[in-house]
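> Mind folding the following:
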Amino acid sequence: MAPSDTGTNETNRTSGATQPGPPDLSGAYDEAATERWATEPYKRPGRTAFQRDRARVLHSSALRRLAGKTQVVTPGSRSQQWDASPRTRLTHSLECAQVGRELGAALGCDPDLVEAACLSHDMGHPPFGHNGEQALNTFAEDCGGFEGNAQSLRLLTRIEPKRFVRSEETGAVVSVGLNLTRAALDAATKYPWPRGEHPVQPGSAKFGVYEDDLPVFSWARKGAPDGRTCFEAQVMDWSDDVAYSVHDFEDGLHAGHVSPLALSSEDERREIWAVAIGRYVTKDTDPGELADALDRLMAQDWWPHGYDGSAMAQARLKDATSQLIGRFCLSAETATREAYGPGPLTRYAAELVVPREARHECAVLKAVAHRYVMQRAEQEVLRADQRVVLAELAQALTARAPEGLDPQFSALFDTAPDDRARKRVIVDQIASFTDAAARSLHGALTGTGATPHRTPDPDTGPVGRT
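Numbering: from 1, shown residues only. Next up, the predicted model:
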């Protein structure tokens, strides 16, 4: 990390003497949970450490940039069928936060802590969603790879400018990001292991920390069991699953890509099970269990058996999404309470219990959206184009950096100790772009001019979740 103008934001970092936040009013969190990497003075009496965490994430530029990053529809695109205001990574994060805050509070978690984790869980997503994640992982293969969750931790602890400290090792002034509490960083960590160290699946591409971020990761995970996520992170993770499965299904219906009547067809169901098994449920899952899950949902009075876009149909569909979210959350809340009893459930005192039936119902919704939205033929054409844009942009920046980098990243590039570190700076820069910003800079640096995304044909509709 490079030196930077500290302004009035420089704080102290004294090894082993981090300052806890104000006492937790619920008594459910100890001083270690409210510690920050760098000591900070209190501001207002009665304001909790987790309220400060939530506010910092909510006011961050990284969160705002999610408004321009792909969720289901590429921001700025529309068709005759699609809503002119599609969901983005930002609206998904806000919806996830609402779900997580209420579920967490019902189980005794600090609601501000869970909300902060939910708001920050997708901050590291690059332009073009998971498709962009794959492209950047290819480019970053020789400098530690790329993973959106590891990038989120990097943003929270390094890239997002909020607090600076003087390094004990070099004496340089460096950024410590938002300087969130230990509990907040831990709650935002979905995959608590480095690249290639998945505790159950060593070949998994999922990981939550880059090698050069291990010091703050180890600090945040102090006292945590290896490979285990804290209870608040589990609430965040299930809230993420609930929010995106339900809302992607809703958006698919709204766009006309999902026909409720088709879900009764055995041929169509086989296609859905083929998508789900191995992707959203384990490979040994019996298709009959998925059929039972879909049948249970379709038997509900509120299930949308048709959709014509009318105001009444929109209201019924919105009620169905509300019922689905309530169903999935209540199922987890009830099962967890049955296992652990009353009282606050926090940190490592419990595990979130999500019944198998609820997971299968959620997985079926994901598979329906994947089958009818993401697998449309034109989507791979668009995804291939997005990968080309990011690959060429990475090459162009590599050839001319620090030219083309934002001032923050240009300074980091100039002080990076080696080629590996310089490449990571380029990765950080690209990951920070919105979809539109990536295309705009690509056009400027490659001499191709503006490269706006291809507007979908009205007959085929919008971009799928990538």
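> what residues does stretch 437-450 touch?
68, 127-128, 132, 389-390, 392-393, 396-397, 400, 404, 430, 433, 451-453 (CB atoms under 8 Å, 6 or more residues apart in numbering). Using the backbone N, CA and C atoms, a C-beta is placed for each residue, glycine as well.
> and Gly148, what is it in contact with?
Gly148 touches Asp122, Gly124, His125, Pro126, His130, Glu133, counting by CB under 8 Å, 6+ apart.
> Mark which of the contacts of stretch 437-450 are buried, thanks.
Buried members of the contacts of stretch 437-450, counted by 16 or more other CB atoms under 10 Å: 68, 127-128, 132, 389-390, 392-393, 396-397, 404, 430, 433, 451, 453.
> Show me which of those residues has the smallest pLDDT value.
For those, the weakest pLDDT value sits at His453, with 42.
> This structure: strands as residue ranges?
With DSSP state E as the criterion, the chain has strands at 164-166, 173-175.
> Of all these, which one is nearest Ala117?
Ala117 lies closest to strand 173-175 among these, at 21.0 Å (CB to CB).
> Go through that closest one and flag the buried ones.
Val173, Val174, Ser175.
> Over to stretch 432-451?
Buried residues in stretch 432-451, defined by neighbour count with 16+ other CB under 10 Å: 432-436, 438-443, 445, 451.
> quick one: which of those residues sit in helices?
Counting by DSSP state H, the part of the buried residues of stretch 432-451 found in helices is Ser432, Asp435, Ala436, Ala438, Arg439, Ser440, Leu441, His442, Gly443, Leu445.
> Adding distance to Glu268 and pLDDT, write the residues you listed out as JSON lines.
Listed next are those as JSON lines, based on distance: CB to CB, whole Å; pLDDT from 0 to 100:
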{"residue": "Ser432", "distance to Glu268": "40", "pLDDT": "97"}
{"residue": "Asp435", "distance to Glu268": "31", "pLDDT": "93"}
{"residue": "Ala436", "distance to Glu268": "36", "pLDDT": "93"}
{"residue": "Ala438", "distance to Glu268": "36", "pLDDT": "96"}
{"residue": "Arg439", "distance to Glu268": "35", "pLDDT": "94"}
{"residue": "Ser440", "distance to Glu268": "40", "pLDDT": "95"}
{"residue": "Leu441", "distance to Glu268": "42", "pLDDT": "95"}
{"residue": "His442", "distance to Glu268": "38", "pLDDT": "96"}
{"residue": "Gly443", "distance to Glu268": "41", "pLDDT": "94"}
{"residue": "Leu445", "distance to Glu268": "45", "pLDDT": "93"}
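> wait, which of those is closest to Glu361?
The closest of those, once distances to Glu361 are taken by CB to CB, is Asp435, at 31.4 Å.
> what's the distance between the residue nearest to that closest one when sequence neighbours are not counted and Gly177?
Among residues not flanking Asp435 along the chain, Pro127 sits closest, at 4.6 Å (CB to CB, 6 or more residues apart in numbering). According to CB to CB, to the nearest Å, Pro127 and Gly177 sit 21 Å apart.
> now do Arg376
For Arg376, the distance to Gly177 - CB to CB - is 39 Å.
> still on that earlier bit, of all the ones in helices among the buried residues of stretch 432-451, which two lie farthest apart?
The distance between the two most remote of these (CB to CB) is 17.8 Å, for Ser432 and Gly443.
> before we move on, back to that, so Arg376 and Gly177 - more neighbours on which side?
Neighbours per residue (other CB atoms under 10 Å) separate Arg376 from Gly177, with Gly177 holding more: 25 against 18.
> what's the closest non-adjacent residue to that one?
Thr157 (4.4 Å).
> Please apply the same query to Arg166.
Val173 (5.5 Å).
> didn't the one you found look like it was pressed against Phe164?
Yes - if you go by CB atoms under 8 Å, Val173 and Phe164 touch, sitting 5.2 Å apart.
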